[in-house]
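*Asks:* Predicted model, plus sequence, below.
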Amino acid sequence: MKILIACEFSGIVRDCFIAMGHDAVSCDTLPTEALGPHHQGDVLEILDQGWDMMIAHPPCTYLSSSGLHWNKRQPERALKTEDALLFVKALWDAPIERVCIENPVGCINTRLPFMPKPQYIQPYDFGEDASKKTGLWTRGLPPLVGEEKIEPRIVKGLPRWDNQSDAGQSRLGGGDGHKRSVTYFGIAYAMASQWSAEK
């Protein structure tokens, strides 16, 4: 299949699909961090190039619950949330049969009611020692199935994974969005292995 991995600079998802024999290309305004087929630029300009599948990771800065509370105090952020929602809608409306839009818990589900209910997944269900509840809005693709569960350590009776402090906060902190946005390999591998059979 010809597969577009939208808003990806790491090459992780792209390279998993390439390893399965597909013609996968990543696209982002940033250059790719791993050598491979990559379009640096605006993904909206290439949505009509005959893709069989698109997996999109739109930036979550103005969409995720962790940042939305700032919108009332900073009106300019609220405007950027509206722009981000228009971008998600443009991705969803792309003329592509199989689509997955990935994003953390946020306002996509409440603000774009025409989209289906998301499947929520956790990296720890896909062989990763990490917690990061993530939504997958899909069209033409089955739900992802967890393949290897990683159990947490228990701190004062509460579950904690390697990417969390004992208090439950992300070890990367709020300012390191670049690293926090990278897809976990276990999830990328599950997408490629499970969705490769969809024809």
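*Replies:* Great, that's in hand.
*Asks:* so L141 touches S196, yeah?
*Replies:* No: between L141 and S196 there is no contact under Cβ atoms under 8 Å: 11.0 Å. (Glycine included, C-beta is placed from N, CA and C.)
*Asks:* residues near the nearest residue to I150 once chain neighbours are set aside, how many?
*Replies:* Nearest residue to I150, sequence neighbours excluded (Cβ to Cβ, 6 or more residues apart in numbering): Y124, at 4.5 Å. Neighbour count for Y124, taken as other Cβ atoms under 10 Å: 23.
*Asks:* In this structure Y124 contacts A130, no?
*Replies:* Yes: with contact defined as Cβ under 8 Å, Y124 reaches A130; the gap is 6.3 Å.
*Asks:* Can you work out which residues contact both of those two?
*Replies:* W161 (Cβ atoms under 8 Å, 6 or more residues apart in numbering).
*Asks:* how about the strands in the chain?
*Replies:* Counting by DSSP state E, the chain has these strands, from start to end: 2-6, 23-28, 38-40, 53-56, 98-104, 119-121, 134-139, 153-155, 158-160.
*Asks:* Report the contact partners of the residue lying closest to C7 once chain neighbours are set aside.
*Replies:* Spatial nearest neighbour of C7, excluding adjacent residues (Cβ to Cβ, 6+ apart): H57 at 4.4 Å. Contacts of H57 were listed using Cβ under 8 Å, 6+ apart, and they are 5-8, 13, 102-103, 181, 183.
*Asks:* L141 too?
*Replies:* 53, 98-100, 195, 198.
*Asks:* now with 6 Å?
*Replies:* 98, 100, 195 (Cβ atoms under 6 Å, 6 or more residues apart in numbering).
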